[in-house]
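>>> Fold the following, please.
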Amino acid sequence: MLNITEISISSKIDTGNYSAFRILERRSGTKWLIKILLVLFLIFIITLFLPWTQNIRSKGYVTTLNPYDKPQNIQALIGGKIDKWYVKEGDLVSIGDTILILKEAKEDYLDPQLIENTINQQMAKSKSAEAYLTKRQFLSDQLVSLVQNLESKLRQIKIKQDQVTLKMSTLEFELEAADIELLNATNQLDRMQIMFEKGIKPLKDMEDKQLKKRKANAKKTSVLNKIEQAENDRLDLLQEIELANNDYEQKVQKIESEIRTADSYRYSLLGETNKLQSKVNQLEQRRSGFVITSPIAGRITKILKNGIGEYVKAQESIATIVPEEFQKAVELYVSPTDMPLIQKGEEVRILFDGWPAVVFSGWPQNSVGTFGGRVFAIDNDISDNGRYRILVVEDGEEKPWPELIRIGSGARGLLLLNDVKVYYELWRKLNGFPPDFYNQEQNEAFKNKAPIRKFK
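This next block holds a predicted model:
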């Protein structure tokens, strides 16, 4: 009964006669509840002072550290038809093992004697180039002969010039003697004329003197004619030298033109020969390209072309091969907000899909089923999914990663940061503060780790 008025009737009612009043007076259950709540509160207070490892959660998948350890597609170098398969899905192959054989399917290469015919064409072009080389040698020999002939002819002309020069020197002396003789004859004739006019000498003597003067004059004229003839001979020799040089130049130009023409044809033939040699090499490589071999040692996981006689295009994938030995790594993606907190060598706990684990994110040392790792590389460029990629490798000081994990399987990572108290972590999250930076001094030992394990 509620006592909400000033006039109470509680003293007039015997509550012992009523069971409802007796139930209301039982308060023992409430005391135990208070004790339990008090114990829980004390446990909560103690928990706030427990250590807590700050961490960043991320998702990714298993990959390989080296690019040549990733799954690879075996491609056809050239197009053709599938003639025979030598493997099936799941087979182990070594480097150089034959995967399949292709056969020619392009009509331009169906001639079975194509390589032999191309080699014969190349040999014919090569012989023609050798013939032009021989012709060039003959023309070069002719050029040398022309030089020798010109030198010989010039020496002959030089001898004639020396003879003409000597002859002109002699004629100059003869001219000087003829001048003296003409002068003497003239003087004698003048004196004889005076003596004849005085009657001292007869007419016959005067006529002898006149005849002698005429002879002296004729002799001088003869000498002058000889000098003029010698001068003409000298000019003729100079003209002959010029003609010889011009003739030599014309013949040399003609021979050099023929040499250049022969060189042009020879170089053209050599170019065609090289093209044919390149074609032969391409044909041989094409034949060898019909045998497709394994580039690495691994396991054939998927065959992309099936039927015999099915056409395969150039650079088309035929099968997929996965290496048997590789260095596993985990590719994780973190948000740009957490990116500044991650550094190389940082410790990471890995959870692989298919391996059961019990994880306490704040107490990684108490987690079960996780594997140790270290940050190996951090991308500086953001990925297409808006997150930054980091590569995590196995921590050599902890238990090895499972050998049965496969490339591409899922993985989750806990990137461990600083150790703080639980109350601080709650306060940080309530205020939206970022985690604390990891102590970089704890990562120095990672630089001297043992080599990363390889998995089989």
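
>>> And residue 328, its phi and psi?
Per-residue torsions, residue 328: phi -80, psi 150 (degrees, to the nearest 10).

>>> To clarify, my last question referred to residue 318.
Residue 318 has phi and psi values of phi -110, psi -40 when expressed as degrees, to the nearest 10.

>>> Spell out which residues sit in contact with it, please.
Residues near residue 318 by CB atoms under 8 Å, 6 or more residues apart in numbering: 73, 74, 75, 76, 99, 100, 292, 303, 304, 305, 312. Just so you know, the C-beta spots here come from the backbone N, C-alpha and C atoms, and that holds for glycine as well.

>>> From the residues you listed, list just the buried residues.
Buried members of the contacts of residue 318, scored by 16 or more other CB atoms under 10 Å, are 74, 75, 76, 99, 100, 292, 303, 312.

>>> Residue 188 versus residue 175, what's the distance?
Distance of residue 175 to residue 188, given as CB to CB, to the nearest Å: 20 Å.

>>> Nearest to residue 334, out of the contacts of residue 318: which one, please.
When the contacts of residue 318 are ranked by distance to residue 334 (CB to CB), residue 73 comes first, at 30.0 Å.

>>> In the sheet, which residues pair with the closest residue to that closest one other than its chain neighbours? Tell me.
Distances taken as CB to CB, 6 or more residues apart in numbering put residue 317 closest to residue 73, at 3.9 Å, once the chain neighbours are dropped. In this structure, residue 317 bridges to residue 75 when assessed by DSSP bridges.

>>> for the chain, which spans come out with low pLDDT?
Residues of the chain meeting the criterion pLDDT under 70: 1-31, 48-55, 356-369, 416-426, 428-429, 431-456.

>>> can you give me the strands for it?
51-64, 72-75, 80-85, 92-93, 98-103, 291-293, 298-303, 311-312, 317-323, 328-334, 347-352, 371-378, 388-394, 410-421 (DSSP state E).

>>> JSON lines for the ones you listed, including distance to residue 249?
As requested, those are arranged in JSON lines below (distance: least, CB to CB, whole Å):
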{"stretch": "strand 51-64", "distance to residue 249": "76"}
{"stretch": "strand 72-75", "distance to residue 249": "64"}
{"stretch": "strand 80-85", "distance to residue 249": "63"}
{"stretch": "strand 92-93", "distance to residue 249": "74"}
{"stretch": "strand 98-103", "distance to residue 249": "64"}
{"stretch": "strand 291-293", "distance to residue 249": "63"}
{"stretch": "strand 298-303", "distance to residue 249": "75"}
{"stretch": "strand 311-312", "distance to residue 249": "66"}
{"stretch": "strand 317-323", "distance to residue 249": "69"}
{"stretch": "strand 328-334", "distance to residue 249": "79"}
{"stretch": "strand 347-352", "distance to residue 249": "88"}
{"stretch": "strand 371-378", "distance to residue 249": "75"}
{"stretch": "strand 388-394", "distance to residue 249": "77"}
{"stretch": "strand 410-421", "distance to residue 249": "87"}
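
>>> out of those strands, which comes closest to residue 166?
Between residue 166 and the strands of the chain, the tightest spacing by CB to CB is seen for strand 291-293, at 89.3 Å.

>>> Show me what that closest one is packed up against.
Judged by 3 or more CB pairs under 8 Å, 6 or more residues apart in numbering; DSSP states H and E, the packing partners of strand 291-293 are strand 98-103.

>>> Just checking: what are the partner strands of the strand it packs on?
Paired neighbours of strand 98-103 in the sheet (DSSP bridges): strand 80-85 (antiparallel), strand 291-293 (antiparallel).

>>> now those strands in CSV, with distance to residue 123?
Below are the strands paired with strand 98-103 laid out as CSV (distance: least, CB to CB, whole Å):
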stretch, distance to residue 123
strand 80-85, 29
strand 291-293, 28
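
>>> Minimum distance to residue 58: which of these has it?
Closest among the strands paired with strand 98-103, using CB to CB: strand 291-293, at 39.9 Å.

>>> my guess is residue 352 meets residue 403, correct?
No - taking contacts as CB atoms under 8 Å, residue 352 lies outside contact range of residue 403: 11.5 Å.

>>> who's more crowded, those two?
With neighbours defined as other CB atoms under 10 Å, residue 352 and residue 403 compare such that residue 352 has more, 22 against 9.

>>> what bridges to that one?
residue 411.

>>> circling back: out of the strands of the chain, which comes closest to residue 34?
strand 410-421 (28.1 Å).

>>> Off-centre distance for stretch 285-301?
Per CA atoms, centre = their mean, to the nearest Å, the displacement of stretch 285-301 from the mean C-alpha position of its chain is 25 Å.

>>> what residues does it touch?
Residues from elsewhere that reach stretch 285-301 (CB under 8 Å, 6+ apart): 68, 71-72, 74, 76-78, 80, 83, 87-104, 109, 115, 318-325.

>>> now stretch 116-131
Against stretch 116-131 from outside (CB under 8 Å, 6+ apart): 111, 265, 266, 269, 270, 272, 273, 276, 277, 279, 280, 283.

>>> rerun at 10 Å
Stretch 116-131 has contacts (CB atoms under 10 Å, 6 or more residues apart in numbering) with 111, 113, 262, 265-280, 282-283.
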